[in-house]
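*Asks:* Here's my sequence, what's the structure:
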Amino acid sequence: MRVFADRGLSLSRLAAVLCSLATAAVAEDGRGLKRGADPSQVSISGLSSGAAMAVQYAVAHSGSVTAVGAVAGPQWGCAGGSLSRAVNDCMCGRSALTPTIDTARGLAASGAIDGLVLAKPQSLSRSWIFQSPADETVSPRSSKADAAFLADFIGTPPEVDQGNAVDGSDRAGHGIIAPDGTDACAYDGSETSFVRRCGEEDNAGKMLHALYGPGSPYTPSERAADVPGSELWTFDQRHLIEKVKSSGASVSSDYYNPFWLWWPDRSPRRRNFDMASTGYIYVPPSCRSAGSACHVHVALHGCKQDAKRFARKAGYNEWAEHYRTIIVYPAIAPSEPVPGPVCHLPPVDQTLDASSVEPNPNGCWDWWGYLDTASEKGRYLTKTAPQIRVLESLIAEVTAPAAP
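*Replies:* From the prediction side, this is the model:
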């Protein structure tokens, strides 16, 4: 009996292994980013620093991006290359903000970003913003300034959502709101994912409707059932990063080298533009066959967020099939975050603007110029910014003709 018992146990283990291998084969189709998506239907969005980067990318590439969404993001160009201004004014609202539209138009005229026709973008035509009035990390004043900027730049005001009292989303803390959120709706100091649950409020659903479905009513029941984690595939970001690195893109230092008398130096993380080696992609079933030519939406996580958790829980995947949209989740490398909301801390001293000691501890996208060298101030807003170039390569790969 013992022999049969052992054999039965071995067979069950073998079956489990075979099952897992079969599941893996279904989950990863081996095509990476090569999807043959429609290059004329590219949109981008993000949360917090991801929202800032989404608007930066959309403005820089307004001739190819059709729409942009921002959740709890600051005003475009607000930081002006200064960490202290980024925190004190753009995030915490400690000083008045000035319009930045003339900066964008100047960059367009110089060729640093896509050119404008009659002062308007050639492709970018729609935008959407969510900002909770109770956000403790990004001042609603900054989001309002971003909405004014987008209205001036695009020529059409963005659709602005400030939540509602029915589900409490008008009192939500900093984060993206999704039906599967794991953090409490209101700020309570225990946040871990910054994906919040406020009833059935659905930032991603409303955003994608504004970007891809204007003219029809938003219908929450069209949201698909939760997408299994096995359907979220990985892709290698390293070849995209290496492509930009090989062009000679320079970056600022981020620590002092103790072997060279504390001389400023660049960590391996900084040499990779603070970006992770792995990103994530969700390809809905209708977009998996060659020639499907689906839309592309790039979704950027925020500071202190785990990129994979954001990709699984933020709510985009459940709308991907409805809008025939491939969702791509690039990722910033994690770091050792500063605990607590930054606006609960003392104001950032201006001496830190010139610091070479870990200027990006919270794993943020570069929305204040932390990658810029002294001779390239302001590059972070342009098409030559390293992270923007990586995103451009990513989109080019997703939209390149797919092999049959």
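
*Asks:* The closest residue to residue 255 other than its chain neighbours and residue 276, how far apart?
*Replies:* Residue nearest to residue 255 in three dimensions, not counting chain neighbours: residue 267, with 5.5 Å by Cβ to Cβ, 6 or more residues apart in numbering. For every residue, glycine as well, the C-beta is placed using N, CA and C. From residue 267 over to residue 276 the distance is 14 Å, taken as Cβ to Cβ, to the nearest Å.

*Asks:* Between these two, tell me which one has more neighbours.
*Replies:* residue 276 (18 against 13; other Cβ atoms under 10 Å).

*Asks:* So the closest residue to that one other than its chain neighbours versus residue 217, what's the distance?
*Replies:* Closest residue to residue 276 apart from its sequence neighbours, by Cβ to Cβ, 6+ apart: residue 331 at 4.0 Å. Distance, residue 331 to residue 217, by Cβ to Cβ: 34 Å.

*Asks:* can you check residue 224 too?
*Replies:* Separation of residue 224 from residue 217 (Cβ to Cβ): 18 Å.

*Asks:* So for the two, which sits in the more crowded spot?
*Replies:* More crowded of residue 224 and residue 217, by other Cβ under 10 Å: residue 224, with 12 against 6.

*Asks:* Please give me every residue in contact with the more buried one.
*Replies:* Residue 224 sits next to 318-322 when contact means Cβ atoms under 8 Å, 6 or more residues apart in numbering.

*Asks:* mind redoing it with 6 Å?
*Replies:* Residue 224 makes contacts with 318, 321, as judged by Cβ atoms under 6 Å, 6 or more residues apart in numbering.

*Asks:* now the one 10 residues further on
*Replies:* For residue 234, the contacting residues are 278, 280, by Cβ under 6 Å, 6+ apart.

*Asks:* before we move on, what SS does it have?
*Replies:* Secondary structure state of residue 234, per DSSP: H, G, I helix; E, B strand; the rest coil, is strand.

*Asks:* Quick check: pLDDT value at the residue nearest to residue 255.
*Replies:* In the predicted model, residue 267 carries a pLDDT score of 93.

*Asks:* got any ranges where the stretch 301-404 of the chain has weak pLDDT?
*Replies:* Residues of the stretch 301-404 of the chain meeting the criterion pLDDT under 70: 403-404.

*Asks:* Tell me which stretches of it form strands.
*Replies:* 325-329 (DSSP state E, counting those that start in this stretch).

*Asks:* Check the stretch 51-200 of the chain too.
*Replies:* 65-71, 126-130, 159-161, 176-177, 195-196.

*Asks:* Sweet, I'm off.
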